[in-house]
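Asker: This is the structure alone, sequence omitted:
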């Protein structure tokens, strides 16, 4: 029996531990659950397919063909030669105006000016660019999840503080009802205090429904049930410093790399290309035109060689292409500078918000202590008939506001620091 009790206790402790979750865990779960996460794997698969296709550019190219033509004129022997051969009893018909052939041609690239290698580099650069853009999209999830997380913490803090206030009102209501029975209080005072307690109950109910909605949204992001999970309030972190490490900066770098790689790929068109080829065909006329003019029988013909080609069209647009690449790089640099400028503005604004919150929080504890002293004194004064219930309710509301503000200030400071961490990606 004792072992069973220990086992149940261990299971309960394990369940309680599992029910706790931190803000970092929520962000990680949300990113892992986001549907776009599968695009990373798809991009890798797509890149491997494209690279494999580029590799095939080095495979031999095999072309099968067949053709038949009719011509209005063909090469022929001079009339004097034809007449002389005819006097010897021979008839030379010359080439037929109907010609036909079918064959196969095999070509192999020997040097393509570095085009295939640059195409592979371009494919990798484009994949890196698409992944960087996806990183930016995924990074935005962090801000959404953190905002929801802190909204839940603030709402639950309000619920907790209102419950304390509600219990305080109920305790005073019991005292007031005892005074009513002794004839030292009025029914109106009891009704006023009870009505105020019910108002606090309504506030708790509204906050609970808000928390439920926030938790449902957080559950959709993380893919887990968050309604019963305990969201841990983060420890106060150090204020982040240093340069921004946002994924947008990687995106700008990837854009520049892809632009430069496109320029390098274009430059391969300025270089000559060398290839080998073999051609075999069966038909009429053959390569030996003299024989084909004497008889019109089809023959097997073979041709092999090396081909050198150099297209000069790219030289005509080289200057404009260089200018175009430079302009695009300057546009990317301008976008990067704009982003860094706005990031610095956000960092400055967040630092001011953090410093302002820290200044406000210096007096929170003292204010809560003083308001609690005032409320306790008011309870004593009410018991002695010095003040009425309205004055006590005012003191209770002041204490509740001071305590709630103190707790909210702490969470808001955390939120401002996490916003700064988001701005700098720290």
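Answerer: Right, received. Where do you want to start? On a predicted model such as this, the values are computed, not experimentally measured, just so you know. Numbers count the residues shown, from 1 in each chain.
Asker: Near residue 98, how many other residues are there?
Answerer: 12 (other CB atoms under 10 Å). C-beta here means a position set from N, CA and C on the backbone, and glycine is covered the same way.
Asker: Give me the distance from the strand ranked longest in the chain to the chain's centre.
Answerer: Criterion DSSP state E: the longest strand present in the chain is strand 98-111. Distance, stretch centre to chain centre, for strand 98-111: 50 Å (CA atoms, centre = their mean, to the nearest Å).
Asker: Which residues does it contact?
Answerer: Strand 98-111 is contacted by residues 57-58, 60-71, 74, 273-285, 298, 301, 306-307 when judged by CB atoms under 8 Å, 6 or more residues apart in numbering.
Asker: quick one, what contacts the residue lying closest to residue 33 once chain neighbours are set aside?
Answerer: The spatial neighbour of residue 33 that comes closest, neighbours along the chain excluded (CB to CB, 6 or more residues apart in numbering), is residue 223 at 3.7 Å. Residue 223 makes contacts with 29, 32-33, as judged by CB under 8 Å, 6+ apart.
Asker: Select only the buried ones of these in ChimeraX?
Answerer: Selection of the buried residues among the contacts of residue 223 in ChimeraX, burial being defined by 16 or more other CB atoms under 10 Å:
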select :29
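Asker: Surely residue 279 is in contact with residue 303?
Answerer: Yes. Residue 279 sits in contact with residue 303 when judged by CB atoms under 8 Å, with a separation of 4.3 Å.
Asker: More neighbours: those two, which one.
Answerer: residue 279 (16 against 12).
Asker: what residues are up against the more buried one?
Answerer: By CB under 8 Å, 6+ apart, the neighbours of residue 279 are 103-106, 302-304.
Asker: surely residue 236 meets residue 413?
Answerer: Yes. Contact criterion CB under 8 Å: residue 236 and residue 413 qualify, at 7.4 Å.
Asker: which one of those two has more residues nearby?
Answerer: Neighbour count, other CB under 10 Å: between residue 236 and residue 413, residue 413 has more, with 18 against 10.
Asker: Checking my notes, the more buried one in a helix, right?
Answerer: Yes. Counting by DSSP: H, G, I helix; E, B strand; the rest coil, residue 413 is part of a helix.
Asker: Any of the contacts of strand 98-111 buried? List them.
Answerer: Here, 16+ other CB under 10 Å leaves 273, 275, 277, 279, 281, 283-285, 298, 301 buried among those.
Asker: Take these and write them to JSON lines, including secondary structure, distance to residue 423 and pLDDT.
Answerer: JSON lines is the format used below for the buried ones among the contacts of strand 98-111 (DSSP: H, G, I helix; E, B strand; the rest coil; distance: CB to CB, whole Å; pLDDT from 0 to 100):
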{"residue": "273", "secondary structure": "strand", "distance to residue 423": "51", "pLDDT": "92"}
{"residue": "275", "secondary structure": "strand", "distance to residue 423": "55", "pLDDT": "94"}
{"residue": "277", "secondary structure": "strand", "distance to residue 423": "61", "pLDDT": "92"}
{"residue": "279", "secondary structure": "strand", "distance to residue 423": "66", "pLDDT": "94"}
{"residue": "281", "secondary structure": "strand", "distance to residue 423": "70", "pLDDT": "93"}
{"residue": "283", "secondary structure": "strand", "distance to residue 423": "75", "pLDDT": "92"}
{"residue": "284", "secondary structure": "strand", "distance to residue 423": "79", "pLDDT": "89"}
{"residue": "285", "secondary structure": "coil", "distance to residue 423": "79", "pLDDT": "89"}
{"residue": "298", "secondary structure": "coil", "distance to residue 423": "79", "pLDDT": "90"}
{"residue": "301", "secondary structure": "strand", "distance to residue 423": "74", "pLDDT": "93"}
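Asker: so which of those residues comes closest to residue 168?
Answerer: For the buried ones among the contacts of strand 98-111, the residue nearest residue 168 by CB to CB is residue 273; the value is 88.3 Å.
Asker: picking up where we left off before, return the member of the contacts of residue 223 nearest to residue 250.
Answerer: Nearest to residue 250 among the contacts of residue 223, with distances taken as CB to CB, is residue 32, at 20.3 Å.
Asker: Of the contacts of residue 279, grab the buried ones for ChimeraX.
Answerer: Remark: buried members of the contacts of residue 279, expressed as a ChimeraX selection using 16+ other CB under 10 Å:
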select :103
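Asker: which among the contacts of residue 279 gets closest to residue 140?
Answerer: Closest to residue 140, out of all of the contacts of residue 279 and judged by CB to CB, is residue 106, at 53.3 Å.
Asker: Who does the closest one form a beta bridge with?
Answerer: Beta-bridge partners of residue 106, counted by DSSP bridges, are residue 62, residue 278.
Asker: let's have the chain start at 812 instead
Answerer: All set: I'll call the first residue 812, so the last point we hit is now residue 917.
Asker: Look up how far residue 1098 lies from it.
Answerer: 17 Å (CB to CB, to the nearest Å).
Asker: Next: residue 977.
Answerer: 106 Å.
Asker: Neighbour count: those two, which is higher?
Answerer: Taking other CB under 10 Å, residue 977 and residue 1098 do not tie; residue 977 has more neighbours (19 against 12).
Asker: which SSE is the nearest residue to that one once chain neighbours are set aside in?
Answerer: Nearest non-adjacent residue to residue 977, counting by CB to CB, 6+ apart: residue 1011, 4.7 Å away. Residue 1011 is part of helix 998-1033, with elements assigned from DSSP states H and E.
Asker: Would you mark the buried spots in that helix?
Answerer: 1000-1001, 1003-1004, 1007-1008, 1011, 1015, 1018, 1021-1022, 1025-1026, 1028-1030, 1032-1033.
Asker: From the contact counts, what lies against it?
Answerer: Under the contact criterion of 3 or more CB pairs under 8 Å, 6 or more residues apart in numbering; DSSP states H and E, helix 998-1033 touches helix 834-844, helix 926-992, helix 1200-1235.
Asker: Any idea how many residues pack against the closest residue to residue 997 other than its chain neighbours?
Answerer: The shortest distance from residue 997 to any non-neighbouring residue, by CB to CB, 6+ apart, is to residue 991 (7.2 Å). With neighbours defined by other CB under 10 Å, the count for residue 991 comes to 14.
Asker: what does the one 3 residues further on give?
Answerer: For residue 994, the neighbour count with other CB under 10 Å is 7.
Asker: Let's test this: what are the backbone torsions at it?
Answerer: Dihedral pair for residue 994: phi 80, psi 10, per degrees, to the nearest 10.
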